[in-house]
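# Sequence first, then the predicted structure, then my questions.
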Amino acid sequence: MSQHHDKDEILEQDIDMEGEQEEELYEQQEDIIEEQQEEIIKDEWQIKKLKDLLARVQADHENFKKRTERDKSDTIFFLKTDIFKKILPRLDDLERIIQNTPEDMRSGALYEGIISLQKSLLKDLRTLGVQSFDSKGEAIDPDKHEVMTQIPGEKDMILDEFEKGYMLEKRVLRVAKVVVGSGE
């Protein structure tokens with residue numbers, strides 16, 4: 001029996017050793033799993049930070065593109081404005097010539113040529129986005145009108161124009177110089 005007992009004891013020791021080894025292995029695996037979970041949490045946090053950064057960079061890029069396009073559009077507008085502001089006084093001169101030409105001189109080739117030149121210039125300006133706007137009979141708009149004088153008439157209503165106003169692509173290119181009613 002002693003041999004049998006020794007065998008049982010040896011078996012128990014083996015089983016105990018195996019159990020201890022399994023328990024150690026299990027604890028090691030738990031430690032590894034815990035470390036991996038901590039790494040996953042860190043990686044997920046890093047991914048979240050990178051996604052946020054990417055979203056901000058994309059938004060900044062879109063804003064930059066919009067700002068660049070707006071700046072380009074503004075630059076082109078101001079360059080055009082410079083050019084057109086030099087042309088408009090010549091157009092005003094043609095209009096004054098036409099308005100002040102005596103009746104007996106309105107049938108000649110020179111007069112017809114001046115009218116043709118004015119129409120051609122207006123057509124060219126329209127194709128480039130420049131349009132005059134009418135002010136007579138309208139209320140004063142400080143963005144579109146410069147009051148030159150007042151005369152008796154309906155208060156703050158435009159009665160006459162000294163100089164036409166012009167728009168370029170829905171922006172005021174040149175304000176109209178106007179005469180308004182004083183309310184008397």
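The structure has been received and is ready for your questions.
# Can you give the distance from stretch 73-81 to the centre of its chain?
Distance of stretch 73-81 from its chain centroid, counting by CA atoms, centre = their mean, to the nearest Å, is 15 Å.
# quick one: buried residues of that stretch?
Residues of stretch 73-81 classed as buried under the neighbour-count rule (16 or more other CB atoms under 10 Å) are 80-81. Using the backbone N, CA and C atoms, a C-beta is placed for each residue, glycine as well.
# now what about that stretch, what contacts it?
Stretch 73-81 has contacts (CB atoms under 8 Å, 6 or more residues apart in numbering) with 128-129, 168-169, 171, 173.
# out of these, which is most surrounded?
L173 (21 neighbours; other CB atoms under 10 Å).
# which non-adjacent residue is nearest K136?
I158 (5.7 Å; CB to CB, 6 or more residues apart in numbering).
# same for the helix or strand hosting that neighbour, what does it pack against?
Using DSSP states H and E, I158 falls within strand 158-163. Secondary-structure packing of strand 158-163 (3 or more CB pairs under 8 Å, 6 or more residues apart in numbering; DSSP states H and E): strand 145-155, strand 176-181.
# Dump stretch 122-129 to PDB, restricted to CA.
Extracted in PDB, the C-alpha atoms of stretch 122-129 (Å, rounded to 0.1, in the frame of the first residue of the first chain):
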ATOM      1  CA  LEU A 122     -22.800 100.600 -72.800                       C
ATOM      2  CA  LYS A 123     -23.200  97.200 -74.500                       C
ATOM      3  CA  ASP A 124     -19.500  96.400 -73.900                       C
ATOM      4  CA  LEU A 125     -19.800  97.400 -70.300                       C
ATOM      5  CA  ARG A 126     -22.900  95.300 -69.800                       C
ATOM      6  CA  THR A 127     -21.100  92.200 -71.200                       C
ATOM      7  CA  LEU A 128     -18.400  92.800 -68.600                       C
ATOM      8  CA  GLY A 129     -21.000  93.000 -65.800                       C
END
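# In that stretch, which residues are buried?
122, 125.
# In contact with the residue nearest to K136, which residues?
For I158, the contact set (CB under 8 Å, 6+ apart) comprises 135-140, 145, 176, 178-180.
# Then P152?
181-182, 184.
# Which one (most neighbours) among those?
Highest neighbour count within the contacts of P152: G181, with 16 neighbours (other CB under 10 Å).
# What residues are bridge-paired with that one?
K155 (DSSP bridges).
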